[in-house]
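Enquirer: Here is a sequence together with a model predicted from it:
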Amino acid sequence: MPDRYPVAEMLARGREFFELVDGRRSVRAFSPEPVPRECIEIAVRAANTAPSGAHQQPWKFVLVGDQETKKRIKEAAEIEERQNYEGGRLPAEWREALAPLETGSDKGYLEVAPWLVVCFAEKYGVAPDGSKRKHYYVNESVGIACGLFITALHTMHLCTLTHTPNPMAFLTEICGRPANERPYILFPVGYPAPDVEVPDLARKPLAQALIHLDEPT
């Protein structure tokens with residue numbers, strides 16, 4: 001049975017957790033300083049606790065630390081991003097929305113961060129006899145797992161970024177993944193660079209995020 005706490009402790013734990021995650025920011029400038037592999041393993045263990053459709057856990061996390069492989073991923077990602085930013089693949093409305101973040105096609109941080117973690121979503125399972133096994137609520141399940149992965153990294157004071165170059169098929173080839181998996185998110189992971197700056201963003205206030213339809217009776 002799940003633990004149950006007195007109301008005062010519930011609220012204290014909730015406020016403490018909010019203060020922790022409210023300090024999270026996406027980072028695009030990393031230090032090359034090594035990060036213990038076990039930190040990534042702990043974060044993936046946390047991701048593995050996510051609920052999933054029919055408990056099928058349709059995710060795979062691929063850990064990349066080899067410098068040559070990171071370089072290949074960076075170069076392939078920049079080819080796609082140049083098409084997005086300089087080649088006109090992104091519509092004007094999307095480019096306008098991205099402007100405050102000052103993002104561009106340069107993804108040099110993919111070589112600098114000590115680890116790259118690629119999350120793949122399993123479109124379907126494969127039985128021992130090679131037959132396909134339907135998976136349910138794949139996007140929802142993998143999204144929740146990635147959220148827990150990000151939170152676990154932040155709890156350890158590590159930084160990351162949800163990088164989703166589009167299209168991402170190059171990650172399937174570079175990481176040697178099978179046809180039933182598709183790239184979902186590419187995470188650079190590490191310490192922030194000493195001179196890192198992040199956008200000064202305001203998060204949506206509670207009054208806009210939570211709608212009260214009724215109070216419990």
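Expert: Structure received.
Enquirer: top strand in this structure by residue count?
Expert: Secondary structure of the chain per DSSP state E: the longest strand is strand 181-190.
Enquirer: can I have the helix or strand of the chain with the lowest mean pLDDT written out in CSV, keeping just the CAs?
Expert: Scoring the helices and strands of the chain by mean pLDDT, DSSP states H and E places helix 92-98 at the bottom, with a mean of 81. Output of helix 92-98 as CSV, limited to C-alpha atoms (Å, rounded to 0.1, in the frame of the first residue of the first chain):
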residue,chain,number,x,y,z
ALA,A,92,6.9,31.7,-40.1
GLU,A,93,4.6,31.3,-37.1
TRP,A,94,6.8,28.6,-35.6
ARG,A,95,10.0,30.7,-36.1
GLU,A,96,8.3,33.6,-34.4
ALA,A,97,7.4,31.5,-31.4
LEU,A,98,11.0,30.3,-31.1
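Enquirer: could you give the mean pLDDT of the helix or strand following that helix?
Expert: Next helix or strand after helix 92-98 toward the C-terminus (DSSP states H and E): helix 109-112. Taken as a whole, helix 109-112 carries a mean pLDDT of 96.
Enquirer: low pLDDT regions in this structure?
Expert: Within the chain, the stretches with pLDDT under 70 are 217.
Enquirer: ok, residues contacting the helix or strand containing Phe120?
Expert: Here Phe120 sits within strand 115-122, counting by DSSP H and E. Outside strand 115-122, the residues that touch it by Cβ atoms under 8 Å, 6 or more residues apart in numbering are 35, 37, 40, 44, 56, 58-65, 69-70, 73, 110, 135, 138-139, 142, 145-146, 149, 160, 171-172, 175, 177, 180-190. The C-beta positions use only the backbone N, C-alpha and C, and glycine is treated the same way.
Enquirer: Swap in 6 Å and give it another go.
Expert: With contact meaning Cβ atoms under 6 Å, 6 or more residues apart in numbering, strand 115-122 is reached by 40, 58, 60-65, 70, 135, 138, 142, 146, 171, 175, 177, 180-189.
Enquirer: got the angle for it vs strand 181-190?
Expert: Counting by axes from the mean of the first three to the mean of the last three Cα atoms, to 10 degrees, strand 115-122 lies at 160 degrees to strand 181-190.
Enquirer: Can you work out which other helices and strands pack against the helix or strand Glu80 falls within?
Expert: Here Glu80, judged by DSSP H and E, is contained in helix 67-85. Counting contacts by 3 or more Cβ pairs under 6 Å, 6 or more residues apart in numbering; DSSP states H and E, helix 67-85 packs against helix 109-112, helix 169-175.
Enquirer: I'd like the ones you listed written out as a markdown table, with mean neighbour count and distance to Thr155 added.
Expert: Converted to a markdown table, the helices and strands packed on helix 67-85 look like this (neighbours: other Cβ atoms under 10 Å; distance: least, Cβ to Cβ, whole Å):
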| stretch | mean neighbour count | distance to Thr155 |
| --- | --- | --- |
| helix 109-112 | 18 | 22 |
| helix 169-175 | 16 | 26 |
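Enquirer: a markdown table for these, including distance to Pro199?
Expert: Shown next, in a markdown table, are those (distance: least, Cβ to Cβ, whole Å):
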| stretch | distance to Pro199 |
| --- | --- |
| helix 109-112 | 15 |
| helix 169-175 | 26 |
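Enquirer: picking up where we left off before, need the residues that contact the longest strand of the chain.
Expert: Contacts of strand 181-190 (Cβ under 6 Å, 6+ apart): 30, 35, 109-110, 113-123, 142, 146, 158, 160-164, 168, 171.
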